[in-house]
Every structure is written in structure tokens, then in C-alpha cells.
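1. got a predicted structure plus its sequence, pasted below:
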Amino acid sequence: MLGKTHMAVGVAATLAFTRQPTLPELILAGGVGAVGAVISDIDVGTSESHKEANKIIAMVTITMIGIGVLDHYVQLGIWDRIKSNRAVYQLVISGLVFIAICMYGKEQPHRSFMHSILALGLLSGIIAVIYLPAVKYFSIGFLSHLVLDMFNYKKVRLLYPMKKGVCFRMFHARGMANDIAFITGIIVAVVEVAMAIWQNSQWIFFLQSRL
């Protein structure tokens, strides 16, 4: 599947399988879920499609910058909560380890290490050190990527470093199934966001009526 499809499905799955009581948490869930959904394909850089790897890295970077900007201007409080729960050196070390794992994964064959349960566990563990509530969002996004790729024709080495992999040989990455998955992901994500906004507005209205 293409990067945009993985992102759409990842965000949709994250929002559908988790419930965010506040809009800031909705934004956090969508952003982290998107990162989890596309980060596996950083290993495309070792295949013929180097441009795809650059696009994925750009999407991850833009997403993280977007969360940072929103945190600063909308006062989401994400950074304040991180600072209050973790020492600065833990954040720095965790960030460096996360980057190191991704750099290692980028140099591995496509759909090997970065498409494995091992990578999911390592990266999720690092995120748990940085900000524990974000782990479920990242994990769901990451798992959505693995599930989609298993329907393609190239094996996904879920149990890396074992050589064997899993594939159902049902769809091509750029075929009609990709378009259907992308559109479905967009629709589900929009519906989930609309429902969350509606629920939050109803709650705010209820509180205001009581004051």
C-alpha cells in the first residue's frame, strides 16, 4: 500500500479503537497514530523506491512538527506533561535510541525488521519512556500497517530475524484495493473526528447550562 493509504488507515484505526475524552487527546491520538502507521516504510530506502522513503520521512517530520506547533499555540499541554513526568536526560536518550533504531531499520531489506513485532516492541517501549499514554496510539497505527502489507504479494517478516514471512497474495500495492483502503480510511477518520467534536461540544454545553 502507498504511504498516504497507510496513514489514512492508521489514523482511522487509532481513532476507532481508542476513545479520546478531550480534543487535545484526539489530536495526539491522530498524530501519533499517523507516525506509527507510516514509520515502517522507512526501509523503502533500501529498495528501488528511494523517493517513497523520503516522502515517508517528510510525512513523519511534518506530523511531529504539527503536533509541536499545536501544543505551543493551542496550549494542549503535551510538552508540559512530558516534562513533568520524565527527566530531560531520559527524553534525550530515548529520542536518540528511537532514531538509532529507525536508522538501523532504514538500512534493512523492505518488510523485514521495520515490519516486525520486534521493531514494534522496541519502538513502543521507547515511546512508553517518553510518554506512556501515546503507546497505544503508536501501536495501533503500526499494527495497521503490518496488517495491510500482509495482503500484498511480498512477505512481511513479522518474526524477524527469522527468514520466513507472511503474505496473503491478494492485492497489489498500487491497485484498486489501495484506493478503496485509502478512501475508507479517510471516511472513518472524518466520522470519528466529527463524533468526537460533537461529543465534546455536547459536554461543554452541558457544563455551561449548569453554571
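-> Done, it's in. This one's a predicted model, so the numbers in the text were calculated from it and none came from an experiment.

2. drop to CA atoms for contacts and neighbour counts, all remaining ones
-> OK.

3. tell me which element Q20 falls in.
-> According to DSSP states H and E, Q20 maps onto no helix or strand at all.

4. Provide a list of residues in contact with it.
-> By C-alpha atoms under 8 Å, 6 or more residues apart in numbering, the contact list for Q20 reads L26, A29, A196.

5. again, but for M1
-> L148, D149, N152, H172, A173, R174, N178.

6. that one and K136, how far apart?
-> 23 Å (C-alpha to C-alpha, to the nearest Å).

7. over to V147?
-> Using C-alpha to C-alpha, one gets 16 Å for the distance from V147 to K136.

8. so which of these two has more stuff around it?
-> Neighbours per residue (other C-alpha atoms under 10 Å) separate V147 from K136, with K136 holding more: 20 against 14.

9. so how far is C167 from the more buried one?
-> To C167, K136 is 25 Å away according to C-alpha to C-alpha.

10. same check, this time on I39
-> Where C167 is concerned, I39 sits at a distance of 20 Å (C-alpha to C-alpha).

11. per-residue pLDDT, the residue nearest the centre of the chain?
-> Closest residue to the average C-alpha location of the chain: G36 at 2.2 Å, with C-alpha atoms, centre = their mean. For G36, the model assigns a pLDDT of 93.

12. that one: which element?
-> helix 23-38.

13. contacts made by that helix with the rest, please.
-> Contacts for helix 23-38 (C-alpha under 8 Å, 6+ apart): 3, 6-11, 14-15, 20, 56, 60, 63-64, 67, 76, 134, 137-145, 193, 196-197, 200.
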